[in-house]
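*Asks:* need a 3D model of the sequence below.
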Amino acid sequence: MDSRTLTTLPRHMLYSGVVTCLISLSTGYVIGSPNIPEAAIRGQDGACGPSPYTIHAGFPNCFEFSDLLWGFAVGSFCLGACAGGLISGGIQNKIGRIKTMLLSDFVFILGALTLGLTYHQAQFIIGRVIVGFACGIGGVVAPTYLGEIATIQGRGTLGAFHQLFVVIGIVISNLVGLAWSSPPGWRVVFAANAIPALLQCFLLPSLVESPKYLVSQNRLKEAKESLQKLRGPEPEVDVHQELDEMIALLIGDRVIEEAADEEEEISDPASRAAQVIPAVQRGDSLATVKTQLTLVHTPNVHENMADAPSNDSQDSYGIIELFRSECCGLAIIGILVHFLQQASGINGLVYYSTSFLANVFGTNNSKYITVGISFCSLLSTTASVFLINRLNRKTLMMTSFVGLSISSLLLVIGAYCNVGILVVVAVFLYIATFAVALGPIPWLLLPELLPTYAVSPASSVATGVNWGTNFVVGLVFPSMTKAMGSGTFLLFGAINVFGVFYIWRFVPETRGRSTEAIMAECGVPPRSKS
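*Replies:* Model (predicted):
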């Protein structure tokens, strides 16, 4: 069976996806961990005794945070994530996807220990920046790896795993926070973030490197072995055609030139015509024609190139090169989708739902509503895993933005009319409509839009924009809600209305389509190799 026609998820590919998404789980845990224990950390409602600095077992029970400083402390991990995202594209191109994930795990563990042993507000903020740096690295490498190991039919499902595990991390952090929401138990909440990172450290050696990354490094023999393990046993699944397409897109012209130097018959006109004419009649792309010609006449081309030296400057764009390249337009489309994801205001609710809802329902009740919200998000994200390969990406994202716009309006009406049940319904609808599409799809969009040599820098910028916007929302949300109340969501509602138009007008459909086909539709030629 041709590996390109697989309709089920191969076993090792599914296993690799789950192990990879332990990074996503850690990221979700970082996002959700300050929500429920906020009162315990800040010493609100007398939870810390006579002084926020009461020492227990050698450490202060709580810390005094103003609303603005607490907003900065919660959102400061986004600054680290922004920095981690911007540099991780270059890192994963230098050392590979697996080693980059391992690096992220080490940083997660360091950050978890720093937070669990916090002795001062400044150390708490530093710890959040450290775990944020790990989130930024993971936010680039996990979606990139998932997109590169997935089959065409399984790409949506595997790509949705990233957001699914982020939400699972948020749910776990809320449950742990509920159990340890009194001083000094909140320290356990933050230290526990080291557990999934430690687990992934032990499991990563069982994964194979991304075959697309290996092809881009001219390690074709390893790429074939990696792809075969991901797709299934060799007698049952043939990966040669899929591998040839990777070569055509990533290093096709270089293979042709080197093969031509070694095989004299490649220049024979009759032989060339015998291969080119039928291919042209079928309407094959130029890259495909060239690759077929090369591989027919050079059956050992994979082995000939297996030990070829790597040249990173040719194989992958840098950030500046990306925005001067033919892929610039597609990259900007994906980056703006990441901006709109965070500008929707979703993380204002994720970070502060407990304190936001406490104004209506009281602190104790709002904790349980927050847990219910996280489970609602989990159910909606799980549904997206099944929907994402059955409905178009554009349809799902537009539906998300419409739902967010309606939810914003209902939330404002419920708050101003003092209808508590309407506020709860609006918040749950807000979370559900975001999770079903706008949560997972931006993370899988760039690997679908762009070839491997452009994905890493684009993902770095998109991740930086994502976390940067996230930071701004997290920083200003407490102050905005204090000044404007629920009217804050009128601003987010306007942004979400714009999101509907942007997705409809500018974003190409990617479901079930190859990167080559999407590039061709948008008038983006494959990069010419010299």
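*Asks:* quick test: name the residue nearest the centre of this protein.
*Replies:* Trp443 (4.0 Å; C-alpha atoms, centre = their mean).
*Asks:* tell me if I'm right that it and Thr144 touch.
*Replies:* No: between Trp443 and Thr144 there is no contact under C-beta atoms under 8 Å: 9.6 Å. Bear in mind the C-beta positions are built from the backbone N, C-alpha and C, glycine included.
*Asks:* tally of neighbours for His494?
*Replies:* I think there's a mix-up here, since residue 494 is Ala and not His. Ala494 is flanked by 12 other residues according to other C-beta atoms under 10 Å.
*Asks:* one step back: so who does the residue nearest to the centre of the chain touch?
*Replies:* Trp443 makes contact with 139, 143, 159, 162-163 under the criterion C-beta atoms under 8 Å, 6 or more residues apart in numbering.
*Asks:* also Gln92?
*Replies:* By C-beta under 8 Å, 6+ apart, Gln92 lies in contact with 100, 140-141, 144, 213, 456.
*Asks:* that one and Leu396, how far apart?
*Replies:* Distance, Gln92 to Leu396, using C-beta to C-beta, to the nearest Å: 28 Å.
*Asks:* swap in Leu230?
*Replies:* To Leu396, Leu230 is 26 Å away according to C-beta to C-beta.
*Asks:* the two: who's more crowded?
*Replies:* Using other C-beta under 10 Å as the criterion, Leu230 and Leu396 rank with Leu230 on top: 26 against 21.
*Asks:* what strand or helix carries that one?
*Replies:* Element membership of Leu230 [criterion: DSSP states H and E] is helix 220-231.
*Asks:* how about residues contacting that helix?
*Replies:* Helix 220-231 is contacted from outside by 3, 6, 10, 12-13, 16, 149, 151, 208-212, 214-215, 234, 237, 239-240, 242-243, 246-247, 301-303, 305-306, using C-beta under 8 Å, 6+ apart.
*Asks:* swap the cut-off to 7 Å and go again
*Replies:* Residues outside helix 220-231 that contact it (C-beta atoms under 7 Å, 6 or more residues apart in numbering) are 3, 6, 10, 12-13, 16, 149, 208-209, 211, 214-215, 234, 237, 239, 242-243, 302-303, 305-306.
*Asks:* equivalent analysis for stretch 471-488, please.
*Replies:* Identification of contacts with stretch 471-488 by C-beta under 7 Å, 6+ apart yields 67-68, 70-72, 74-75, 78-79, 82, 342, 345, 347-348, 351-352, 356, 411-412, 415-416.
*Asks:* mind running it again at 8 Å?
*Replies:* The contact list for stretch 471-488, computed with C-beta under 8 Å, 6+ apart, reads 67-68, 70-72, 74-76, 78-79, 82, 342-343, 345, 347-348, 351-352, 355-356, 411-412, 414-416, 423.
*Asks:* list the buried residues in that stretch.
*Replies:* Of all the residues in stretch 471-488, those buried under the rule 16 or more other C-beta atoms under 10 Å are 471, 473-478, 480-481, 486, 488.
*Asks:* one more: stretch 218-227?
*Replies:* Under the neighbour-count criterion of 16+ other C-beta under 10 Å, stretch 218-227 has 218-220, 222-227 buried.
*Asks:* make a markdown table out of those and add pLDDT.
*Replies:* Shown next, in a markdown table, are these (pLDDT from 0 to 100):
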| residue | pLDDT |
| --- | --- |
| Asn218 | 86 |
| Arg219 | 87 |
| Leu220 | 87 |
| Glu222 | 91 |
| Ala223 | 90 |
| Lys224 | 90 |
| Glu225 | 91 |
| Ser226 | 91 |
| Leu227 | 90 |
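*Asks:* which of those residues lies closest to Ala179?
*Replies:* Comparing the buried residues of stretch 218-227 against Ala179 with C-beta to C-beta places Ser226 closest, at 41.5 Å.
*Asks:* for that closest one, give its distance to Thr114.
*Replies:* Note on Ser226: its distance to Thr114, by C-beta to C-beta, is 36 Å.
*Asks:* repeat that for Cys21.
*Replies:* 24 Å.
*Asks:* got it, and Ala194?
*Replies:* Noted for Ala194: a distance of 10 Å to Thr114, by C-beta to C-beta.
*Asks:* what do those two both touch?
*Replies:* Counting by C-beta under 8 Å, 6+ apart, Ala194 and Thr114 have no common neighbour.
*Asks:* look through the protein and tell me its longest helix.
*Replies:* Longest helix in the chain, counting residues (DSSP state H): helix 452-484.
*Asks:* after it comes which helix or strand?
*Replies:* The C-terminal neighbour of helix 452-484 among helices and strands, as given by DSSP H and E, is helix 488-506.
*Asks:* return the set of buried residues in the helix or strand following that following helix.
*Replies:* Sequence order places helix 515-521 as the next helix or strand after helix 488-506, per DSSP H and E. By neighbour count on 16+ other C-beta under 10 Å, the buried set for helix 515-521 is 515-516, 518-519.
*Asks:* quick check, nearest of those to Cys135?
*Replies:* Set against Cys135, the nearest of the buried residues of helix 515-521 by C-beta to C-beta is Thr515 (26.3 Å).
*Asks:* that closest one and Val455, how far apart?
*Replies:* With the distance defined as C-beta to C-beta, Thr515 ends up 9 Å from Val455.
*Asks:* which stretches of the protein have low pLDDT?
*Replies:* 44-58, 251-315, 351, 353-365, 527-530 (pLDDT under 70).
*Asks:* among the contacts of stretch 471-488, which lie within helices?
*Replies:* In helices, defined here by DSSP H, the members of the contacts of stretch 471-488 are 67-68, 70-72, 74-76, 78-79, 82, 342-343, 347-348, 351-352, 355-356, 411-412, 414-416, 423.
*Asks:* now do the same contact list for the residue nearest to Leu410 when sequence neighbours are not counted.
*Replies:* Nearest residue to Leu410 in three dimensions, chain neighbours excluded: Ala426, at 3.9 Å (C-beta to C-beta, 6 or more residues apart in numbering). Going by C-beta under 8 Å, 6+ apart, Ala426 touches 407-408, 410-411, 414.
*Asks:* just the element for Ala426, please.
*Replies:* Applying DSSP H and E, one finds Ala426 within helix 420-433.
*Asks:* now the helix or strand following that helix and helix 452-484, what's the angle there?
*Replies:* Next in sequence after helix 420-433, counting helices and strands by DSSP H and E, comes helix 441-449. Angle of helix 441-449 versus helix 452-484, following axes from the mean of the first three to the mean of the last three C-alpha atoms, to 10 degrees, is 160 degrees.
*Asks:* in the helix holding Ala426, what's buried?
*Replies:* Buried residues in helix 420-433, defined by neighbour count with 16+ other C-beta under 10 Å: 422-424, 426-433.
*Asks:* using CSV, list the CA coordinates for that helix.
*Replies:* Taking C-alpha atoms only, helix 420-433 is exported to CSV below (Å, rounded to 0.1, in the frame of the first residue of the first chain):
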residue,chain,number,x,y,z
GLY,A,420,-25.8,35.4,36.6
ILE,A,421,-26.9,32.3,34.6
LEU,A,422,-26.5,34.2,31.3
VAL,A,423,-23.0,35.1,32.3
VAL,A,424,-22.1,31.5,33.0
VAL,A,425,-23.7,30.3,29.7
ALA,A,426,-21.8,33.0,27.8
VAL,A,427,-18.5,32.0,29.4
PHE,A,428,-19.0,28.3,28.7
LEU,A,429,-20.0,29.2,25.1
TYR,A,430,-16.9,31.4,24.8
ILE,A,431,-14.6,28.6,25.9
ALA,A,432,-16.4,25.9,23.8
THR,A,433,-16.5,27.8,20.5
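*Asks:* thank you kindly, that will do.
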